[in-house]
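**Q** Fold the stuff below for me.
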Amino acid sequence: MKSRGNKNASDFGEVKVQHARKGLTFFLGFLFVLSLIMNTAVIMSGNIMLIVVYMFVPAIASILTRLLLREGFADVSFQLGSVKVWRGIGLGLLIPMLICGITYSTAWMSGIASFQLPVGGTFETYYHALGLQYLPTPLSFVLMVVVAGIAGSIINLIPVMGEEVGWRGYMLTRLVEAKAPRPILLSGLIWATWHIPIVISGMYVAGPSVLLSVLGIYLCIIPFSYITAQLRLATGSVWPSVIIHTSWNSVIQGPFTRATTGEFSDVWIGESGLLTAFIIIIAAIIVSRTEKVRELT
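**A** Numbering: from 1, shown residues only. Next comes the predicted model:
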């Protein structure tokens, strides 16, 4: 009886592995075709707003796969009912602020770049509406970062979900279930590579050197994927990975970028900066020491 039970469990496990691999095959196929279409549209039109549409490609690829294989959507896990999930959401808001704070403070103090209080546009409105002009500059900037992180996470929630429902809501979990070697690393490689066409075109993280921009994207996104994966796997919910993604986009593209000037500073800071990559790698190493991530790396 025990032997038969073990065999049944083994057969079930093998079926699950094969199903996950089949799902990955369809997902990556849909992802490739849809990405090719959207990259062509974005690059040929030169319309940067189409990048927002491009962000929905991973989610669409995962939805098509789920419908084709009749998998349902329960495992995406939008649950919010546990302290663990809310703690993950809090970390998702905080971690990008800390990484950017360390990165940009180092750049400003070392002379790699110069600090200027970000004003104009949306920030001018925030600045005066919150009365930040009456506070010392360091404090007003910190508060601006916090506001941008929280408000930006809400404003950018939908397009970022377009990525995360695909990346962490489907691809990551299927790579784990399919027993792919180093699933988190592999998910990071796919995530980074997906950005490369618009980087090469100069429509995203354009810097003085395309080669350095491409290198920087890989060095930033792959270790960042370890952090997002930990939040997803440890909480069992996709929300923390959504929030860390929205918070990251909001603070690094918003106050930190607008507060920084300097020739060739893009080589060192920003979303493909080498200094940014170094700080993210350190953060990823710390996160990867946690048991759940260590088992998958």
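**Q** only C-alpha atoms for contact and neighbour calcs from this point on.
**A** Fine.
**Q** and residue 166, how far is that from residue 64?
**A** 11 Å (C-alpha to C-alpha, to the nearest Å).
**Q** neighbour-wise, which of those two wins?
**A** For the pair residue 166 and residue 64, the greater number of neighbours falls to residue 166 (23 against 15), based on other C-alpha atoms under 10 Å.
**Q** For that one, list the residues it contacts.
**A** Applying C-alpha atoms under 8 Å, 6 or more residues apart in numbering to residue 166 gives the contacts 57-62.
**Q** and with 7 Å instead?
**A** 58-59, 61-62 (C-alpha atoms under 7 Å, 6 or more residues apart in numbering).
**Q** could you show me where the strands are in the stretch 101-250 of the chain, in order?
**A** For the stretch 101-250 of the chain, the strands defined by DSSP state E, counting those that start in this stretch cover 114-115.
**Q** What ranges does it have for its helices?
**A** 121-129, 137-155, 157-166, 172-177, 183-200, 210-235, 239-251 (DSSP state H, counting those that start in this stretch).
**Q** Residue 212 - nearest residue in space that isn't next to it in sequence?
**A** Leaving aside its sequence neighbours, residue 212 sits nearest to residue 267 (C-alpha to C-alpha, 6 or more residues apart in numbering; 7.1 Å).
**Q** State the mean pLDDT of the longest helix belonging to the chain.
**A** Counting residues, the longest helix found in the chain (DSSP state H) is helix 2-45. Average pLDDT, helix 2-45: 85.
**Q** burial count for the residue nearest to residue 212?
**A** 21.
**Q** May I see the buried residues of the strand or helix carrying it?
**A** Using DSSP states H and E, residue 267 maps to helix 265-268. Within helix 265-268, the residues scored as buried using 16 or more other C-alpha atoms under 10 Å are 265-268.
**Q** Any chance of the residues you listed in TSV with pLDDT and distance to residue 112 as columns?
**A** Converted to TSV, the buried residues of helix 265-268 look like this (pLDDT from 0 to 100; distance: C-alpha to C-alpha, whole Å):
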residue	pLDDT	distance to residue 112
265	87	6
266	87	10
267	90	10
268	93	8
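**Q** between the residues you listed, which is closest to residue 282?
**A** The nearest member of the buried residues of helix 265-268 to residue 282, counting by C-alpha to C-alpha, is residue 268 at 15.7 Å.
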